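Chemist: any chance you can model this:
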Amino acid sequence: MESSNWVLKHVFILLFFFLSNPSMSSTFPSSTLDLTVTHTKALHQNFTALSDFRLINRRILNDCSHLSPYLKLNITSNSKLLDEEFVTVTVTGVSKPRDGDWVAMISPSNSNVKACLLNEFYYLQTGDTAKLPLLCHYPVKAQYLKNDPDYMSCKKKECKKEQNGKCSVTTCSGSIKFHVINIRSDIEFVFFTGGFLTPCLVGRSTPLSFANPKKPLYGHISSIDSTATSMRLTWVSGDKEPQQIQYGNGKTVTSAVTTFSQEDMCSSVVPSPAKDFGWHDPGYIHSALMTGLKPSSAYSYRYGSNSADWSEQTKFSTPPAGGSDELKFISFGDMGKTPLDASEEHYIQPGALSVIKAIANEVNSNNVNSVFHIGDISYATGFLAEWDFFLNLISPVASRVSYMTAIGNHERDYIDSGSVYVTPDSGGECGVPYETYFPMPTAAKDKPWYSIEQGSVHFTVISTEHDWSENSEQYNWIKKDLASVNRQHTPWLIFMGHRPMYTSNNGFSSKDQKFINAVEPLLLQNKVDLVLFGHVHNYERTCSVYQNKCKAIPIKDQKGVDTYDNRNYSAPVHAVIGMAGFALDKFSNNAESWSLKRISEFGYLRAHATRNDLSLEFVTSDTREVKDSFRITK
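Modeler: Residues are numbered from 1 along each chain as shown. Presented below is the predicted three-dimensional model:
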């Protein structure tokens with residue numbers, strides 16, 4: 001879900017679409033953490049939704065190169081870029097420092113950063129109605145030079161011209177750091193003045209290449225079935241040739257290789273960001289199955305090839321098999337990514353870094369068997385380079401334990417694409433990058449619903465973005481899956497999707513009554529214990545609720561923890577857990593009777609399931625404090 005400004009943007013875009021288309025969305029390296037910007041949530045809070053930078057493609061671009069004849073952009077780095085590093089960009093020869101001086105990171109380096117005057121209508125999906133766009137290709141990230149505290153005061157002076165033994169021309173310089181990861185294509189740094197509203201192109205650096213564009217990176221693990229004897233590893237490389245996983249005691253398996261192109265992206269009469277200025281080549285996505293494993297067991301692996309290079313050796317653990325006694329899992333929605341530098345980007349989720357760091361600590365302490373991320377995964381929304389940054393961010397968690405996902409509006413929704421909601425939320429991705437990067441055990445392409453059992457829990461994972469109406473394909477699957485659960489084998493039944501049925505947030509698109517009317521009766525009929533949704537960016541827990549009425553209220557146990565007794569089942573408990581990164585939604589003062597707990601802080605849901613007890617905790621990411629605890633017993 002979005003802020004109110006983003007909602008207004010959706011309304012405008014919908015009106016435009018209807019008018020234009022009658023037919024009709026391992027651990028963190030210490031060196032990285034040492035350089036991470038402190039108080040990153042506060043730093044990036046204002047750039048979550050509609051920032052000036054986010055709308056930069058709508059600005060008229062002028063040429064100011066004549067203003068700084070001495071200007072140079074120097075990059076402090078190796079001759080070739082590493083897979084991950086902080087690059088210092090120093091701009092020298094500035095005649096007069098200005099508050100609106102900024103540097104953009106462009107990739108690929110041959111992108112057109114001049115005005116695209118003929119593409120006026122291409123950029124309406126950025127939500128701005130200014131007359132002309134700025135750049136033909138969107139910057140990956142950008143920073144103001146005033147981030148260098150010495151820049152505006154010109155403490156770093158250079159004499160460029162002397163006359164009669166005295167300096168007649170003095171210039172200034174400034175330095176800023178960019179967090180760069182291996183996105184395979186060359187990058188270039190471009191210096192602008194005039195701010196994001198009236199930008200003027202001043203100068204460019206020489207292109208920079210990565211030392212190994214083929215390097216296999218960003219490996220992440222997922223379960224393929226309930227036996228936990230096989231695990232899928234997916235990774236990214238610039239190499240189209242099959243690579244291998246080496247794992248266990250000398251086992252080897254070869255990858256299947258796929259990719260996607262601009263032609264695979266959705267668009268309309270107005271080209272989408274994914275189809276146009278937001279496109280970035282994804283390289284090649286490799287995937288292979290590690291078989292012959294044992295549940296609840298630890299293994300090590302590496303992936304790659306002799307020609308493309310190998311990843312580091314990584315340890316991972318398989319989850320417990322379905323039907324076993326115990327499971328520890330973490331769940332959340334709406335994470336995205338937070339820059340590790342002071343950059344502004346197209347879409348920033350200020351809490352993502354703190355949440356993934358907290359979860360990584362849980363994984364390192366062996367407190368987690370699996371993770372469920374239920375929609376709004378990377379928030380790339382048509383700006384494809386941001387998928388790489390997201391995969392890099394989650395790697396300390398997703399490379400170690402089973403990382404399962406559900407699709408959200410920002411992965412799938414787009415006009416005339418078959419999604420339930422006709423909004424441009426995916427930026428034209430239409431689920432293609434999501435399903436390529438995160439292959440789940442689904443029945444077929446673009447049918448992203450599945451179920452899986454781990455420990456004592458049966459998870460039913462649906463797509464709220466695909467047709468769930470009565471007698472639709474997904475509805476019939478949900479009905480069959482819920483009815484098929486053997487409660488002797490897996491006593492707990494947890495239902496997951498992206499958009500909620502119950503939320504105190506009454507904003508546009510918070511919930512869909514048609515979805516509730518169609519699917520909620522199935523939850524009651526099949527005695528679903530717990531329902532988890534995201535989309536709304538806060539944490540909220542209900543009573544045992546059905547049709548907006550409390551059917552049962554939990555009682556406090558000896559420790560004061562709310563306890564739901566499902567020996568006398570009455571209705572599911574719902575929890576909204578969309579608080580893992582996106583700017584938080586506030587609660588209204590008028591809470592519904594079914595709403596028992598409401599917290600607007602960043603964090604995640606931690607769960608421990610035995611055969612008779614399902615204990616859950618909302619953990620805040622900054623302090624690791626447990627802000628809500630509840631139990632369901634049988």
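Chemist: report the central residue of this structure.
Modeler: Ser378 (1.8 Å; Cα atoms, centre = their mean).
Chemist: just say helix, strand or coil for the residue nearest to it when sequence neighbours are not counted.
Modeler: Distances taken as Cβ to Cβ, 6 or more residues apart in numbering put Phe390 closest to Ser378, at 3.6 Å, once the chain neighbours are dropped. (Glycine included, C-beta is placed from N, CA and C.) When classified by DSSP: H, G, I helix; E, B strand; the rest coil, Phe390 comes out as helix.
Chemist: pLDDT value on the residue nearest to the centre of the chain, please?
Modeler: On pLDDT, Ser378 comes in at 97.
Chemist: give the contact list for it.
Modeler: Counting by Cβ atoms under 8 Å, 6 or more residues apart in numbering, Ser378 makes contact with Gly336, Lys337, Glu386, Trp387, Phe389, Phe390, Leu391.
Chemist: which one of the residues you listed is nearest Cys154?
Modeler: Using Cβ to Cβ, Phe389 comes nearest to Cys154 of the contacts of Ser378, at 33.3 Å.
Chemist: now for the closest one: which residues touch it?
Modeler: Ile181, Lys337, Pro339, Ser378.
Chemist: pretty sure the first one is touching Glu84, no?
Modeler: Right, the one you point to is Ile181. Yes. Using Cβ atoms under 8 Å, Ile181 makes contact with Glu84 at a distance of 5.0 Å.
Chemist: touching both of those two, which residues are there?
Modeler: Joint contacts of Ile181 and Glu84 (Cβ under 8 Å, 6+ apart) are Asn392.
Chemist: what mean pLDDT does the helix or strand harbouring His410 get?
Modeler: Per DSSP states H and E: His410 is located in helix 409-412. For helix 409-412, mean pLDDT is 95.
Chemist: stretch 186-206 too?
Modeler: Rounded mean pLDDT across stretch 186-206 is 87.
Chemist: buried residues in it?
Modeler: For stretch 186-206, the neighbour count (16 or more other Cβ atoms under 10 Å) marks 186-196, 199-205 as buried.
Chemist: what do you get for stretch 410-422?
Modeler: Using 16+ other Cβ under 10 Å as the test for burial, stretch 410-422 gives His410, Glu411, Arg412, Asp413, Tyr414, Ile415, Asp416, Ser417, Ser419, Val420, Tyr421, Val422.
Chemist: coming back round to it: distance check, the residue nearest to Ser378 against Val397.
Modeler: The gap separating Phe390 from Val397 is 12 Å, by Cβ to Cβ, to the nearest Å.
Chemist: kindly report the same for His574.
Modeler: 25 Å.
Chemist: what is the helix holding His410 packed up against?
Modeler: Counting contacts by 3 or more Cβ pairs under 8 Å, 6 or more residues apart in numbering; DSSP states H and E, helix 409-412 packs against helix 432-437.
Chemist: after the helix it packs on comes which helix or strand?
Modeler: Next in sequence after helix 432-437, counting helices and strands by DSSP H and E, comes strand 450-454.
Chemist: give me the distance from that next one to the chain's centre.
Modeler: Mean-position distance between strand 450-454 and its chain equals 22 Å (Cα atoms, centre = their mean, to the nearest Å).
Chemist: that strand packs against which elements?
Modeler: Using 3+ Cβ pairs under 8 Å, 6+ apart, strand 450-454 sits against strand 457-461.
Chemist: before we move on, the earlier item: list the ones among the buried residues of stretch 186-206 that fall in strands.
Modeler: In this view, the buried residues of stretch 186-206 that belong to strands under DSSP state E are Glu188, Phe189, Val190, Phe191, Phe192, Thr193, Cys200, Leu201, Val202, Gly203, Arg204.
Chemist: contacts only, for the fourth one.
Modeler: Residues touching Phe191, when contacts are defined by Cβ under 8 Å, 6+ apart, comprise Leu71, Leu73, Val91, Asp101, Trp102, Val103, Leu201, Val202, Gly203, Arg204.
Chemist: confirm that Glu162 sits in a helix.
Modeler: No. Counting by three-state DSSP, one finds Glu162 to be strand, located in no helix.
Chemist: OK, contacts around it?
Modeler: By Cβ under 8 Å, 6+ apart, the contact set of Glu162 is Ser168.
Chemist: ok, now His373?
Modeler: Shown here is His373, whose contacts under the criterion Cβ under 8 Å, 6+ apart are Ser331, Phe332, Gly333, Met335, Tyr403, Met404, Thr405, Ala406, Ala580.
Chemist: how is this protein carved up into domains?
Modeler: 52-204, 321-633 (the TED database).
Chemist: so Ile359 touches Val368, yeah?
Modeler: Yes. Assessed by Cβ under 8 Å, Ile359 is found in contact with Val368 at 7.3 Å.
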